[in-house]
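Participant: Pasting a predicted model and its sequence here:
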Amino acid sequence: MVEILRWMHLRRGSGVDMGSFRAYDYKAAGGKLVRVRLTEEEGHIKSVQISGDFFLVPEDSLPTLEKMLEGTPLQEADLRKVIDRFFEASQVQSLGISADDLVLTLLSAKQEMVIAD
Amino acid sequence: MNLAVEEAIPRMVGEGRAPNTVRFWHNSNTIVIGCFQSAPLEVNFDACKETGTTVVRRFTGGGAVYHDGGNLNYAISLKKGHSIVPDSNLQQVFQKLSEGAVQGLRAMGVQAEFQPINDIQVKGRKVSGAAGSIRWGAVFHHGCILVSSDLAILGKVLNVPKAKLADKHVASVQKRVTTVRDELGRDVSSREIQTAIVHGIEASYGVRLEKDELSREELVLAEDLYRSKYRRSEWNLQP
């Protein structure tokens, strides 16, 4: 009797988290620490958490940026467009963190897959 | 409860239900993290348990600070548009509202100077860090002055980013930071520093500070904020 093993091909949206977790910390000279933790799926940001010791006013704008980044391709031009739009639209004041820092940290995170943390 | 009072005051000042206020306060054995920081990334919970350190999140950005009896915290709440800081620019708020503390420390003989973004330094070493916000119709600035704190515990209860070796990090924190006691080479009471900062604020901004207490309304708001936010791990420990 041959043992039967099942096989399957999981697709996007099949209810299983197939994203890869990625992490990167970056501190610009004279700036503050920016820590990105994100899940990537097929080259796009599935979810992202941005933390650190920077300042953003209004403070409750950070979740808006995280939400705006969801679904964005992890490519410089796409990230820059979204982040610039965030800073322009919400009239956010930032200290110790710039649009450039955010783009650089997200792009660096793309290279850093976390196996276990 | 201290962080709840910290939020209640600028809310009331912004609404015009409390006068512009300078508040001094202490905490014992507490890590106060910035509102954008991830508690699990920043805090070593095992070390906190061992040392009896509480973790509380404040409503302003910036980095983690360790509070013990050797710190003096000061907070300035002004109605937005106040002549001391007419522009709603956070960097200017930090610079301008640090002046009172800088002047107070200098009067004591500490060679303090403001160092952007948000520090007060003595010969390149940090003696105070500030944070602040512009919201609820108020301009808010608070700072934590290292009077005679236990700097070693800071290296224990905060996680060290993997890129840095633990021992180097602790050594560098201690090298980068100083206390008023170390700078003056004598014991200093926080009462003495408080008096110096009150005078520094009065001289820097051309104001006079009058001693007062929290109003009933502020206390009720603070108690409500404590119950709904500052005593909850959903707020304090969120990732």
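Facilitator: Now that the structure is in, tell me what you want to look at. Residues are numbered from 1 along each chain as shown, chains lettered A, B, ... in the order given.
Participant: quick one: contacts for the residue of chain A found nearest chain B?
Facilitator: Residue nearest to chain B within chain A: A:D53 (3.3 Å; CB to the nearest CB). Quick note: C-beta positions are derived from backbone N, CA and C, even for glycine. Counting by CB atoms under 8 Å, 6 or more residues apart in numbering or on different chains, A:D53 touches A:32-33, A:96, B:34, B:36-37, B:61-64.
Participant: Could you report the neighbour count for the closest residue to it other than its chain neighbours?
Facilitator: Once flanking residues are discounted, A:D53 sits nearest to B:G63: 3.3 Å by CB to CB, 6 or more residues apart in numbering or on different chains. By other CB atoms under 10 Å in any protein chain shown, the residues close to B:G63 number 20.
Participant: what mean pLDDT does the top helix by length along chain A have?
Facilitator: Under DSSP state H, the helix in chain A containing the largest number of residues is helix A:76-90. Here helix A:76-90 scores 93 as its mean pLDDT.
Participant: is any part of that helix close to chain B?
Facilitator: No - shown here: helix A:76-90 not in contact with chain B (CB under 8 Å from any CB of the partner chain), separated by at least 13.6 Å.
Participant: Next, the contact list for B:E42, please.
Facilitator: Counted by CB under 8 Å, 6+ apart, B:E42 has contacts B:33, B:64, B:158-159.
Participant: immediately after the least confident helix or strand in chain B by mean pLDDT, which helix or strand?
Facilitator: The helix or strand of chain B with the poorest confidence is helix B:166-176; it has a mean of 57 (mean pLDDT, DSSP states H and E). Next in sequence after helix B:166-176, counting helices and strands by DSSP states H and E, comes helix B:180-184.
Participant: for chain A, what are the nearby residues on chain B?
Facilitator: Proximity of chain B to chain A, by CB under 8 Å from any CB, involves residues B:34-38, B:41, B:59-64, B:88-91, B:94, B:117-118, B:131-135, B:161, B:163, B:239.
Participant: Give me the buried subset of the residues you listed.
Facilitator: For these, a neighbour count by 16 or more other CB atoms under 10 Å in any protein chain shown gives the buried set as B:34-38, B:41, B:59-64, B:89-91, B:94, B:117-118, B:131-135.
Participant: out of those, which are inside helices?
Facilitator: For these, the ones inside helices are B:41, B:90-91, B:94, with DSSP H as the criterion.
Participant: Dump those residues into CSV; add pLDDT as well.
Facilitator: CSV is the format used below for those (pLDDT from 0 to 100):
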residue, pLDDT
B:L41, 92
B:L90, 96
B:Q91, 97
B:F94, 98
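Participant: Show me which pair in those residues is furthest apart.
Facilitator: B:L41 and B:Q91 (25.9 Å; CB to CB).
Participant: Disregarding residues adjacent in the polypeptide, which is nearest to B:G16?
Facilitator: Excluding its sequence neighbours, the residue lying closest to B:G16 (CB to CB, 6+ apart) is B:K79, at 6.8 Å.
Participant: Enumerate the beta-bridge partners assigned to the one you found.
Facilitator: Under DSSP bridges, the beta-bridge partners of B:K79 are B:A138.
Participant: Correct me if wrong: it contacts B:G14.
Facilitator: Yes - the criterion here is CB atoms under 8 Å, and B:K79 meets it with B:G14 at 6.5 Å.
Participant: Return every residue with contacts to both of the two.
Facilitator: Taking CB under 8 Å, 6+ apart as the criterion, B:K79 and B:G14 both touch B:137-138.
Participant: Residues contacting stretch A:81-90, please?
Facilitator: For stretch A:81-90, the surrounding residues in contact (CB under 8 Å, 6+ apart) are A:58, A:61, A:64-65, A:68-69, A:72, A:92, A:94, A:99, A:102-103.
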